[in-house]
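> Have a look; sequence and predicted model below, questions after that.
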Amino acid sequence: MSTKAAEAKVMQEKARIEVIMRTILISCASHLRSLVIERHYDFDLTSGLPVLPLLRDITIGTVNWYTAADAHTRFPSLRRLHLLSLPRISHSFWLAITKFAPHITHLRLSRITQDTDISRFLRIILDIPRALCQCPGPICFSGACHEFSAETAHASEAITIASRLPNLEFIYVQPGVCAPRPRRTGYFENSQMVEGLEAIASSSARGEGVGRLVLLPPRASYTFEDVRKDWLETVEGKDGAWPRARPGAWSASARAGWPEGHHAYRPGHHPPV
């Protein structure tokens, strides 16, 4: 079978599965409360479906950047959104969230890696100011100290997005795993990202800012077994994908797994907060 023929077969199978998925969703639209779509990360919930009036929890791969401004009208009860595959986050992503789910109270972002801007963005959304930098020298390499300057377009965009998510109380972030090779491309950026998130989570746990950032242990993947377990717990009224905040629950164990030669491994050191 040629490459083109193989690709055509894959697309046909994908289209067939999506027709089945839409048929199922249409049949249960009036009473569906929790929805998980695993693997089919580009499945579009904003087209070809009726209103899902009781749907409160959605777990999907991502939200398309071209999401229509009125997409949220299909999910009037949506309060918790979990996105499974987000290596990096762009401004267009946050705009899509404001269109897809402007009334959410909980947002979980899984498998993020090498995104040094996310902590800058979350500082503004959660209204947590940067602490005094304690890094030696004129150049700061710590992700804990990074923020958008007040006069930049990025800062203005973050303020606008925060205003469009007025009910957002809890943001959960689960970093992806970056192999411990200091010279590997993106490894330094990933470490900076984690440092920034740790600093914000620590400040948030002390009651600073608005809302709460819950930092979850890094994981290489979110498997079907994980998805199924979290979904079952959710429908049973348990935590599921939304564990209750435990300040500092993973920070020490995560650092203990890093090699001593790693630039971010500093026993006894805590990021300035």
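Ah, there it is.
> Do a quick rundown of the helices in the stretch 1-150 of the chain.
3-27, 91-100, 117-125 (DSSP state H, counting those that start in this stretch).
> any chance of those helices in JSON lines, with mean neighbour count and distance to Thr73 too?
Where you see a C-beta, it was placed from the backbone N, CA and C, and this is true even at glycine. Below are the helices of the stretch 1-150 of the chain laid out as JSON lines (neighbours: other Cβ atoms under 10 Å; distance: least, Cβ to Cβ, whole Å):
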{"stretch": "helix 3-27", "mean neighbour count": "11", "distance to Thr73": "16"}
{"stretch": "helix 91-100", "mean neighbour count": "19", "distance to Thr73": "10"}
{"stretch": "helix 117-125", "mean neighbour count": "22", "distance to Thr73": "24"}
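> mind checking which of the ones you listed is nearest Lys238?
helix 3-27 (24.3 Å; Cβ to Cβ).
> chain center to that closest one: distance?
27 Å (Cα atoms, centre = their mean, to the nearest Å).
> and that helix, average pLDDT?
Helix 3-27 comes out with an average pLDDT of 85.
> what do you get for stretch 197-207?
84.
> one step back: any chance of the helices of the stretch 1-150 of the chain in a markdown table, plus distance to Arg39?
Formatted as a markdown table, these follow (distance: least, Cβ to Cβ, whole Å):
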| stretch | distance to Arg39 |
| --- | --- |
| helix 3-27 | 9 |
| helix 91-100 | 20 |
| helix 117-125 | 24 |
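> Pull the contacting residues for His154.
91, 117, 120-121, 148 (Cβ atoms under 8 Å, 6 or more residues apart in numbering).
> so which strand or helix has it?
helix 153-163 (DSSP states H and E).
> hmm, who's touching the helix or strand that comes right after that helix?
Moving toward the C-terminus from helix 153-163, the next helix or strand (DSSP H and E) is strand 170-175. Outside strand 170-175, the residues that touch it by Cβ under 8 Å, 6+ apart are 82, 105-113, 118, 122, 125-126, 190, 193-194, 197, 211-219, 222, 241-243, 245.
> before we move on, back to that, identify, from the contacts of His154, the entry nearest to Thr160.
Taking these together and measuring to Thr160 by Cβ to Cβ, the closest member is His91, at 10.0 Å.
> Enumerate every residue touching the nearest residue to Ala29 once chain neighbours are set aside.
Excluding its sequence neighbours, the residue lying closest to Ala29 (Cβ to Cβ, 6 or more residues apart in numbering) is Pro50, at 4.9 Å. With contact set as Cβ under 8 Å, 6+ apart, Pro50 has these partners: 26, 29, 74.
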